[in-house]
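Q: Fold the stuff below for me.
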Amino acid sequence: MKQIPPCPISRMPIPVYGVLIFCLIILSACQPKVVITTTEFPTNAPTLSVMDPAQFTAPANPGPVDIGIGYVQRWGNVLVDGNGMTLYISTFDPPDRSYCDADCLEMWQPLLAKDNLELSEGVYPSLLGTGTLPDGSKVVTYGHWPLYRFTLDAKPGDNEGQGYFESWFMISPEGEVLQSREG
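A: Okay, the predicted model is just below:
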């Protein structure tokens with residue numbers, strides 16, 4: 001009957017075991033720690049402040065408009081949809097194109113293009129255009145920026161998407177991307 005040779009580790013002197021254990025402890029301490037969360041959104045998202053609804057003024061011409069103007073204290077006039085919901089742009093998008101894929105579109109709803117958009121006074125028709133979503137659908141652009149609504153904005157005047165991932169911002173009627181304001 002053939003004998004199985006002893007394990008080479010069993011022939012090591014006791015101090016070698018100590019060194020191996022010490023090395024394993026050191027190596028395990030150097031490993032990156034993985035934290036699994038059950039939140040829907042990344043935990044490293046920028047902190048967003050909730051705007052006081054009293055600081056928002058609804059569009060001047062409520063009615064059947066597709067793009068209007070609302071006023072947000074500290075930011076001034078911003079583009080809103082026909083329901084008064086804040087419109088945003090993404091600085092990741094190239095002119096007249098959207099890079100917002102299916103996962104992105106769950107959070108950011110594009111303002112889809114249609115014939116004969118109704119504009120409130122102060123919205124510049126010369127800045128309007130259309131762009132293309134990844135699926136080929138047409139999205140309204142303003143100053144060549146595709147326009148989106150943020151799903152976490154629950155009511156007119158909310159601007160929870162402002163500054164999201166340092167790439168989503170409100171836009172003024174003049175086409176200025178509102179990344180920061182003094183005051």
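
Q: low pLDDT regions in this protein?
A: By pLDDT under 70, the low-scoring segments of the chain are 1-64, 181-183.

Q: So which residues of it form helices?
A: 14-30, 102-107 (DSSP state H).

Q: contacts for the last one?
A: So that's helix 102-107. If you take C-beta atoms under 8 Å, 6 or more residues apart in numbering as the criterion, helix 102-107 is touched by L133, P134, F150, T151, L152. (C-beta placed from N, C-alpha, C; glycine too.)

Q: May I ask which of the residues you listed has the most neighbours?
A: In terms of neighbour count, F150 stands highest of the contacts of helix 102-107 at 20 neighbours, by other C-beta atoms under 10 Å.

Q: measure the closest residue to N83 other than its chain neighbours to P94 for me?
A: Computed as C-beta to C-beta, 6 or more residues apart in numbering, the closest residue to N83 that is not its neighbour in sequence is P156, at 6.6 Å. Distance of P156 to P94, computed by C-beta to C-beta, to the nearest Å: 30 Å.

Q: Name the residue in those two with the higher neighbour count.
A: Higher neighbour count among P156 and P94: P156, with 18 against 11, using other C-beta under 10 Å.

Q: the strands in this protein, which residues?
A: Applying DSSP state E to the chain gives strands spanning 56-57, 67-72, 76-81, 88-90, 108-110, 128-132, 138-142, 145-146, 148-150, 168-171, 177-178.
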